[in-house]
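K.L.:
A predicted structure for the sequence below; I have some questions about it.
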Amino acid sequence: MQELLQSLLVGVSLLLIAEGILPFLAPHFWREIMARALASSDLNLRILGAVSMFLGVALLLLTRS
């Protein structure tokens, strides 16, 4: 159980680092991307979310096998 919690914390830590890179390095570009996301339809955001989740699960399965 402790190993699972540690793995989860590592994953969340890496996610936060990855999400912080663009706003840190290029805040103006990040604002443009966020403005486009806000202007997107719900369907487009759902598709993007589904693709992102699928790629994450596929990568996780590849690394765990």
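P.N.:
Yes, it's here. Numbers count the residues shown, from 1 in each chain.
K.L.:
any idea how far Ile17 is from Val57?
P.N.:
For Ile17, the distance to Val57 equals 20 Å [CB to CB, to the nearest Å]. Placement of C-beta: from N, CA and C, glycine included.
K.L.:
dump the host helix or strand of Ala35 to CSV, restricted to CA.
P.N.:
Secondary structure assignment for Ala35, by DSSP states H and E: helix 27-39. Extracted in CSV, the C-alpha atoms of helix 27-39 (Å, rounded to 0.1, in the frame of the first residue of the first chain):
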residue,chain,number,x,y,z
PRO,A,27,3.4,32.9,-20.0
HIS,A,28,2.1,34.8,-23.0
PHE,A,29,1.8,31.7,-25.2
TRP,A,30,0.2,29.9,-22.3
ARG,A,31,-2.5,32.6,-22.0
GLU,A,32,-3.2,32.3,-25.7
ILE,A,33,-3.7,28.5,-25.3
MET,A,34,-6.0,29.0,-22.4
ALA,A,35,-8.0,31.6,-24.3
ARG,A,36,-8.4,29.1,-27.1
ALA,A,37,-9.5,26.4,-24.7
LEU,A,38,-12.1,28.7,-23.2
ALA,A,39,-13.4,29.5,-26.7
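K.L.:
so what touches that helix?
P.N.:
By CB atoms under 8 Å, 6 or more residues apart in numbering, the residues outside helix 27-39 that reach it are 22-23, 45.
K.L.:
report the rounded mean pLDDT for that helix.
P.N.:
For helix 27-39, mean pLDDT is 96.
K.L.:
what's the next secondary structure element after that helix?
P.N.:
Remark: after helix 27-39, the chain's next helix or strand is helix 42-64, criterion DSSP H and E.
K.L.:
pull the residues that contact that next one.
P.N.:
Helix 42-64 is touched from outside by 37, 40, with contacts defined as CB under 8 Å, 6+ apart.
K.L.:
export that helix to CSV, keeping only CA atoms.
P.N.:
Written as CSV, here are the backbone C-alpha positions of helix 42-64 (Å, rounded to 0.1, in the frame of the first residue of the first chain):
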residue,chain,number,x,y,z
ASP,A,42,-17.6,21.3,-24.9
LEU,A,43,-17.4,18.5,-27.6
ASN,A,44,-13.8,19.6,-28.6
LEU,A,45,-12.7,19.7,-25.0
ARG,A,46,-14.2,16.3,-24.3
ILE,A,47,-12.5,14.8,-27.3
LEU,A,48,-9.2,16.3,-26.2
GLY,A,49,-9.7,14.9,-22.7
ALA,A,50,-10.6,11.5,-24.0
VAL,A,51,-7.5,11.3,-26.3
SER,A,52,-5.3,12.5,-23.4
MET,A,53,-6.7,9.9,-21.0
PHE,A,54,-6.3,7.1,-23.7
LEU,A,55,-2.7,8.1,-24.4
GLY,A,56,-2.0,8.2,-20.6
VAL,A,57,-3.5,4.7,-20.1
ALA,A,58,-1.6,3.3,-23.1
LEU,A,59,1.7,4.8,-21.9
LEU,A,60,1.0,3.4,-18.4
LEU,A,61,0.3,0.0,-19.8
LEU,A,62,3.4,0.1,-21.9
THR,A,63,5.6,1.1,-19.0
ARG,A,64,4.1,-1.5,-16.7
